[in-house]
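Peer 1: From the sequence below, what's the structure:
(chains A and B)
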There are 2 protein chains.
Amino acid sequence: MSTKWVYFFGDGQTDGQENDRNLVGGKGANLAKMVTLGIPVPSGFTISTEACTEFYKNGEKWVDGLEEQIKENIARLEKAMGAKFGDKEDPLLLSVRSGARVSMPGMMDTVLNLGLNDDSVEGLAKKSGNPRFAWDSYRRFIHMYGDVVMGVEHTLFENAMDELKAREGVELDNELSTEALQELVEVYKGIVKESAGELFPDDPFEQIRGSVDAVFRSWNGARAIRYRQLNHIPHDWGTAVNIQTMVFGNMGEDSGTGVAFTRDPATGENIFYGEYLMNAQGEDVVAGTRTPHPISDLKEEMPEIYNQLVDIYKKLEEHYREMQDVEFTIQEGTLYMLQTRAGKRTATAAVKMAVDMVEEGLIDKKTAVLRVDPQQLDQLLHPMIDPDAKYDVIGTGLPASPGAAAGRIVFTADEAEEWVERGETVILVRLETSPEDIGGMAVAEGFLTARGGMTSHAAVVARGMGKCCVAGCAAAQIDYANKTLTFGETVLKEGDWITLNGTAGEVIAGKIPMVEVQVEGSFAVLMEWADEFRVLGIRTNADTPNDSQVALDFGAEGIGLCRTEHMFFEGERIAVMRQMIFAQDQAGREKALEKLLPYQRDDFIEIFSTMKGLPVTIRLLDPPLHEFVPQDQATIERLAQEMGLSSSALKARIDSLEETNPMLGHRGCRIGITYPEIYAMQARAIFEAAAELTKKGEEVFPEVMIPLVGTLEELEVTKKICVDVAETVMKEKDVEFKYLVGTMIEVPRACIVADSVADQAEFFSFGTNDLTQMVFGFSRDDAGTFLPEYIDQGILERDPFQTLDQVGVGSMVEMGVEKGRATNPELKIGVCGEHGGDPASVEFFHRAGLDYVSCSPYRVPIARLAAAQANIKNPR
Amino acid sequence: MSTKWVYFFGDGQTDGQENDRNLVGGKGANLAKMVTLGIPVPSGFTISTEACTEFYKNGEKWVDGLEEQIKENIARLEKAMGAKFGDKEDPLLLSVRSGARVSMPGMMDTVLNLGLNDDSVEGLAKKSGNPRFAWDSYRRFIHMYGDVVMGVEHTLFENAMDELKAREGVELDNELSTEALQELVEVYKGIVKESAGELFPDDPFEQIRGSVDAVFRSWNGARAIRYRQLNHIPHDWGTAVNIQTMVFGNMGEDSGTGVAFTRDPATGENIFYGEYLMNAQGEDVVAGTRTPHPISDLKEEMPEIYNQLVDIYKKLEEHYREMQDVEFTIQEGTLYMLQTRAGKRTATAAVKMAVDMVEEGLIDKKTAVLRVDPQQLDQLLHPMIDPDAKYDVIGTGLPASPGAAAGRIVFTADEAEEWVERGETVILVRLETSPEDIGGMAVAEGFLTARGGMTSHAAVVARGMGKCCVAGCAAAQIDYANKTLTFGETVLKEGDWITLNGTAGEVIAGKIPMVEVQVEGSFAVLMEWADEFRVLGIRTNADTPNDSQVALDFGAEGIGLCRTEHMFFEGERIAVMRQMIFAQDQAGREKALEKLLPYQRDDFIEIFSTMKGLPVTIRLLDPPLHEFVPQDQATIERLAQEMGLSSSALKARIDSLEETNPMLGHRGCRIGITYPEIYAMQARAIFEAAAELTKKGEEVFPEVMIPLVGTLEELEVTKKICVDVAETVMKEKDVEFKYLVGTMIEVPRACIVADSVADQAEFFSFGTNDLTQMVFGFSRDDAGTFLPEYIDQGILERDPFQTLDQVGVGSMVEMGVEKGRATNPELKIGVCGEHGGDPASVEFFHRAGLDYVSCSPYRVPIARLAAAQANIKNPR
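Peer 2: Sure thing, here's the model as predicted:
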């Protein structure tokens, strides 16, 4: 038996395809489903997605059997409609539309009015009794087919139309006479012949063939490919093609067309929402030349049709148990549904509808939790630009941290602090940021950088702080000397207002109004339900009491990563840190470290207090020491003077700390091993803080985490430092507290020897940022020169720093989990890279058997929902 | 039954331990073996290595049963010798010596003359009839025991001795009277009491206990630990303890002591070789206060003893089938053998003895091949400093590339070329070298660098070229401006002679005479035998026809890595390369590449011709483009002028190529993907060369290798470039040639997805240098700041850039092999990192199932021998 490529629907019948979206696409399945639900749909048939993938396998030729099956279905359609394709008496007209498994709106091609030629146009005129309508349809068809199938520049048709209107002295298309339109058809045919080098096809089946090929080919159009990349849709799915009897909303005042949603897609309110236009086709609603009426007006204008529509929308929502986006056409008083699909919605609406539908008994909690895209929640968690504001975007960069912010431009971190001190609101604009800028970043509203990617310093800090950031804005010319920020012709100066939209990566001149999106009641309900379904713990990456509190409010269950770097930077600490780095010997280092101890202890006391006994994972010093030394001449000279050195001698020592590949250099536990006194001081600060609070009766649970471990021995040496200090402090303070010492798993070798490392580690925390860098051999800071091209060429599907590379990096994570648990089945395992807040990655970590993920405070709700969905899909 | 910890030997009997070196150590096994062979050995017993490891497990306490068993064996010894331990009539005196599985000469402690106290010294005097001897032995015992067991500073004893000699008016120890020695014993006891805070133990069993503890503890002495690290001996083996009846070579003119080798350890000649001293103890031979006689003199002096010795050495060599190093003592005309063990030897001797012994029928070829340490062959392959030369070392660095060289100091690569041009011999002295220096490096005799490790640029290039190199010589202060090289007080200037010993990492002022070590006939024979046993192919890393020829002469079977970087550097090519890099667009790049094409094609023609149809694996461009751009102002200005740019504009473009972590940046196939025209040009150069030679009737077999592949897609894109060019060239030139396109496996991810990569790769070549960097997260260029400390602290056993880390990096190699062969069982797999010439790594690669290793030309014989040994040990 030969393969079935074509599936009929209409006249109350289908070929059984209504539940197989993979085979006939979403649109095709829904059309068939409406037929089975008894909803009026113009009859037609669907060419399967398999025919499309075969088309590409065959070198862009139709698969055997397709032509015959299309012809059979046309015959079936002719029979059902009582009309004949290409007939000069009662011609059957068809539409051809794409329809992939998931909606790719506007990405692929459509051709309407198929079947018209010089003969059948007469038939249409006769049958409709409306020659003007027939010729108008014909000229529309030539225009559309010429453009979409034959590649004729559409402005050629538009210019010809404009010329004709001028000649005829009319303003609107619909003022043209039948004769004028007939003339136009001839002109259009000439344009096609001239431009495409061949005649417009008058054989209706040739028209079908051309249109189907065009839809197939549009699957691999540049726009469609880009859309799939952005939305992570596999390239090998292919598209179905829906061929359907034409119905016309432009056949007079008892005809019309409209779009509607079964609920309000902006607010989620349970009302019938939409708009329509009488005597119009779909394009007219979209084009905006006439203003559509709200759907409620239809109740007055055509009460029967309106009631029929209400019945249909209720039936559809009842069936799909999901908000539907429908298109309809009224042809001479008869209602036809052209499409139904799950409607796009704002995050607010998504959350409200999911919760409402549970309350209405339409869906269960599990479905509600699955219904909301966790990524979309991001919209609810940051201020946004007022949707009603009008503005011009002067430049775009990477949407590195969502939300929006406006402020005055400053070019250095110090200036940011000075300006904010005197009450200004600022945006920090830098070529790139570095840990030295942290003070200024803490007070700025947002950051704009010219260099760096989604995981550049600015981007990571911004997401951590919940501030907005536009990064890697290559078009921004930043002139520090003259304090100007230039985009093409636009030159902004220090102090000028600027607005950043971090959600879209937009840079806007001036101060644009903002709205704080309210977290509604439904949101809290949904989160509660999510917590019922998830097994993965959710922690946060937080370095300060403030971040910790924000994360707690969002539902974090502990801190998964408290970086201690900033504890060496703030205020006067950096000076002491530098004394430590440039000390001649261990004694000198210890003296400086003693001065740093009280600062760090106080930091930990505040964080532990905030976290009220929840686990706090503290990573000991990780970055290379050269990140702490000054680079500017003035600071070097001042420091040299303080240290009694010549500035050239100090410069030489600073240079000697430089590394060729700092990412792979003297950092992480390598510092703790070569300078054990640094880790000993940090351990003392942690345990003295724990002791002090324990004495006061507060609960604390520090988890000390050693970074960059690649061998058991590294962990042994550094763990011993911590355990020795803990025991000493407990004795000194005569108090007991619980604590753990564990390790990051971020070097590939750590995954390989996880079984032996687990012998000493009391927990694992995967550092998937560094693991990704080393598994791929990609430096985050440098990958910007080739990674975009890798995505463009399809070499990588996604940026592996945003979404975990499950095949490569994920394998190493799985190996680490498996080996670690082989040694210690109870081993607590988490992840604290940026991936901990990415829904697809969270699902992977759930499947890999991790105990928790840790993410920025502002992503905690996203991770909670993603973890719930992961466990619903893969229960454990 | 309780565990046996102690094993008796002597009196013709043993406890069966003679073949269990792991249990009783090498020395203990050999002593027992000599007993079973009927060779006279002073009776004794051995405490097992297990007792030592138990000692450490027990918190440095003796294991249960040990004390009883020692006492039982002392009783057995007393019975055998007819003397009594601590007796005042006929005391049994004992020696206590360490004895690990493998010899660790001088690393652990020894105590002699155990059993002496105020009573038994009288017995010894009586029994020997020599009171002076008795009291001399007693004072030696207190000194040795006080030093080794009780931790008394040995200079205290020496000072007391000097005082006494001065008081007595004698010059030599043996001129002291019995009475003076008796006085000295009292003084020594006082020193012990004062310094150790306790009395010298007069209970003989206490003396045993103290000495055994001291030997056990010396296993974990700093010297011993360091020795084990350097020699890769596991720390958990422990040492045995040999307790043996004392014999004395200093009991008069019919007594004596000596050491001998069964063959000449320097040349390998089959002659009895050694020296002896009459009326002396072992220390006297070593101390050098008296000059020992050649062993041949003994033939005259004590012909019977000599003949007995000859019989014994023949019996031992016959038994062990290996050259032995023996120690003997003659006590009052009776010969005792104190030790036998395999003797240390030079590489020359090792090779000659192995081959000779096969010819003598002592051993078979397999044993001969196993007998020579492949690493040691290195000595035979490079010029050496004349062993008779006297010289002072002014500084030491890493022994980065073996051999020695002398030349005049120059400080830049350009000067090296100029000086050599005018007939000088030069050593290039640099802070560090870079690819730009390649021209000067090619003409210099050797390189000295102040920075960088064993795998720094200078080190790698030196080993590849077979030149000597001392790298990372931190003590060398290099002042480019004044052209001076300073070590402490010594200031050398440009043009001064300097000698480098790359084998030892030594820097020597002046010109020291050299010897070219001849590769003897035996060497060639041994290599031939090695080839009979190995299955692993041996290729070479060679970039030039000259290197290729050297490697062929050493037995290479192809080129495993031909880097193409230098093809962009030499002469005027670099200028064209820079035009390419700074071209505005693809057309500009292609124009420059066209100029580079003929150069590269000619390079390949020469290499292919040299290799005569053997496979030549060519790696396409790998380093980041910024390695090719000028850094010095003069060159930048000249280049800017040529390009019609301002020098600041050019500088800005150079800066924009800078990377934070170039190792993980825009390099390898990432360049081939973003600039496909570069790989296309290289492919064309390769295939045009292949076409030209094929037309001439010469055989060629290029294997094009894509670097830094981490995904199948990267290989697909770059392979397509190569295949398209190959097909085009074959058509253009109307000729067919075979070629392969394969990939390096050097990114961890490539190992993980090796199954999918193998779908496209026609061969794999592991790049274990980069793989090690990424698996550990170690930058070769920066690891110098912590790697030495890691080795010192025992965190890593070996430098993973020298010897493959089998547990970590090795696992990834095994994964890559397994997954690659799962897809393609016939997949050709090799390795082209530095590890291909390291014997331990070669053995691993053999076990992992690789087809070949590739190494520097000068390491080819080492790899051949190592591969043979690997297959003998693990046949496949």
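Peer 1: Next one: A:Asn661 relative to B:Phe778, how far apart?
Peer 2: 9 Å (C-beta to C-beta, to the nearest Å). Using the backbone N, CA and C atoms, a C-beta is placed for each residue, glycine as well.
Peer 1: Just want to know which of those two has more residues nearby.
Peer 2: B:Phe778 (26 against 22; other C-beta atoms under 10 Å in any protein chain shown).
Peer 1: Measure how buried A:Gly129 is and give me the count.
Peer 2: A:Gly129, neighbours per other C-beta under 10 Å, totals 9.
Peer 1: Likewise for A:Asp90?
Peer 2: Considering only other C-beta under 10 Å, A:Asp90 is surrounded by 15 other residues.
Peer 1: pretty sure it is in contact with A:Ser120, am I right?
Peer 2: No - using C-beta atoms under 8 Å, A:Asp90 is not in contact with A:Ser120; the gap is 9.2 Å.
Peer 1: anything in contact with each of A:Asn661 and B:Phe778?
Peer 2: Common contacts of A:Asn661 and B:Phe778 (C-beta atoms under 8 Å, 6 or more residues apart in numbering or on different chains): none found.
Peer 1: for whatever residue of the stretch 301-450 of chain A ends up closest to chain B, helix, strand, or coil?
Peer 2: Per C-beta to the nearest C-beta, A:Glu432 is where the stretch 301-450 of chain A lies closest to chain B, at 9.9 Å. The three-state label given to A:Glu432 by DSSP: H, G, I helix; E, B strand; the rest coil is coil.
Peer 1: what's the closest non-adjacent residue to it?
Peer 2: Among residues not flanking A:Glu432 along the chain, A:Arg451 sits closest, at 4.5 Å (C-beta to C-beta, 6 or more residues apart in numbering or on different chains).
Peer 1: For chain A, give me the ranges with low pLDDT.
Peer 2: A:1, A:106-107, A:284-289, A:455, A:464, A:516-520 (pLDDT under 70).
Peer 1: for the residue of the stretch 201-350 of chain A found nearest chain B, what are its contacts?
Peer 2: Nearest residue of the stretch 201-350 of chain A to chain B, counting by C-beta to the nearest C-beta: A:His235, 12.0 Å away. Residues in contact with A:His235 (C-beta under 8 Å, 6+ apart) are A:220, A:225, A:228, A:794.
Peer 1: Next: A:Ala848.
Peer 2: A:810, A:813-814, A:817.
Peer 1: So which of the residues you listed is the closest to B:Met104?
Peer 2: Nearest to B:Met104 among these, counting by C-beta to C-beta, is A:Val817 at 41.8 Å.
Peer 1: phi, psi of the closest one?
Peer 2: phi -60, psi -50 (degrees, to the nearest 10).
Peer 1: Touching, A:Met278 and A:Glu301? I think so.
Peer 2: Yes - applying C-beta under 8 Å, one finds A:Met278 in contact with A:Glu301, separated by 7.3 Å.
Peer 1: that older thread, can you list phi and psi of the residue of the stretch 201-350 of chain A closest to chain B for me?
Peer 2: According to degrees, to the nearest 10, A:His235 has phi -70, psi -20.
Peer 1: can you tell me how far A:Ala459 sits from B:Leu597?
Peer 2: In terms of C-beta to C-beta, A:Ala459 sits 42 Å off from B:Leu597.
Peer 1: what does stretch A:631-643 contact?
Peer 2: With C-beta under 8 Å, 6+ apart, stretch A:631-643 has contacts from A:575, A:578-579, A:582, A:630, A:646-647, A:649-651, A:654.
Peer 1: Rebuild the residues you listed as CSV, extending it with neighbour count and secondary structure.
Peer 2: Output for these, formatted as CSV (neighbours: other C-beta atoms under 10 Å in any protein chain shown; DSSP: H, G, I helix; E, B strand; the rest coil):
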residue, neighbour count, secondary structure
A:Ala575, 16, helix
A:Arg578, 22, helix
A:Gln579, 19, helix
A:Phe582, 20, coil
A:Pro630, 19, coil
A:Ser646, 12, coil
A:Ser647, 16, helix
A:Ala649, 12, helix
A:Leu650, 21, helix
A:Lys651, 17, helix
A:Ile654, 20, helix
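Peer 1: would you list the residues you listed in a markdown table and tack on distance to chain B?
Peer 2: Below are the contacts of stretch A:631-643 laid out as a markdown table (distance: C-beta to the nearest C-beta, whole Å):
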| residue | distance to chain B |
| --- | --- |
| A:Ala575 | 24 |
| A:Arg578 | 18 |
| A:Gln579 | 20 |
| A:Phe582 | 15 |
| A:Pro630 | 19 |
| A:Ser646 | 16 |
| A:Ser647 | 18 |
| A:Ala649 | 14 |
| A:Leu650 | 18 |
| A:Lys651 | 16 |
| A:Ile654 | 15 |
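Peer 1: nearest to B:Ser95, of the residues you listed?
Peer 2: A:Phe582 (54.3 Å).
Peer 1: Verify the stated contact: the closest one with A:Leu650.
Peer 2: Yes - counting by C-beta under 8 Å, A:Phe582 touches A:Leu650, with 7.2 Å between them.
Peer 1: what's the burial count for A:Glu762?
Peer 2: Neighbour number of A:Glu762 under other C-beta under 10 Å is 17.
Peer 1: tell me the contacts of it?
Peer 2: A:703, A:740-742, A:828.
Peer 1: Would you mind giving both backbone torsions of the closest residue to chain B within the stretch 1-150 of chain A?
Peer 2: Relative to chain B, the nearest point of the stretch 1-150 of chain A is A:Tyr56 (17.0 Å; C-beta to the nearest C-beta). For A:Tyr56, the backbone dihedrals (degrees, to the nearest 10) come out as phi -70, psi -40.
Peer 1: Tell me which of A:Met278 and A:Glu301 has more neighbours.
Peer 2: A:Met278 (21 against 13).
Peer 1: Name the nearest residue to the more buried one, sequence neighbours excluded.
Peer 2: A:Gly256 (3.9 Å).
Peer 1: pretty sure the one you found contacts A:Glu275?
Peer 2: No - using C-beta under 8 Å, A:Gly256 is not in contact with A:Glu275; the gap is 10.8 Å.
Peer 1: between those two, who's got more neighbours?
Peer 2: A:Gly256 (29 against 16).
Peer 1: what's the longest helix seen in chain A packed up against?
Peer 2: Across chain A, the longest stretch assigned as helix under DSSP state H is helix A:586-611. The contact analysis (3 or more C-beta pairs under 8 Å, 6 or more residues apart in numbering or on different chains; DSSP states H and E) places helix A:586-611 against helix A:545-553, strand A:559-563, helix A:573-581, strand A:615-619, helix A:676-695.
Peer 1: just the strands in the stretch 251-400 of chain A please.
Peer 2: Shown for the stretch 251-400 of chain A, the strands assigned by DSSP state E, counting those that start in this stretch span residues A:256-261, A:273-278, A:293-294, A:324-331, A:334-342, A:384-385, A:393-396, A:398-401.
Peer 1: how far off strand A:334-342 does the first one point, in degrees?
Peer 2: Computed by axes from the mean of the first three to the mean of the last three C-alpha atoms, to 10 degrees, the angle separating strand A:256-261 from strand A:334-342 equals 30 degrees.
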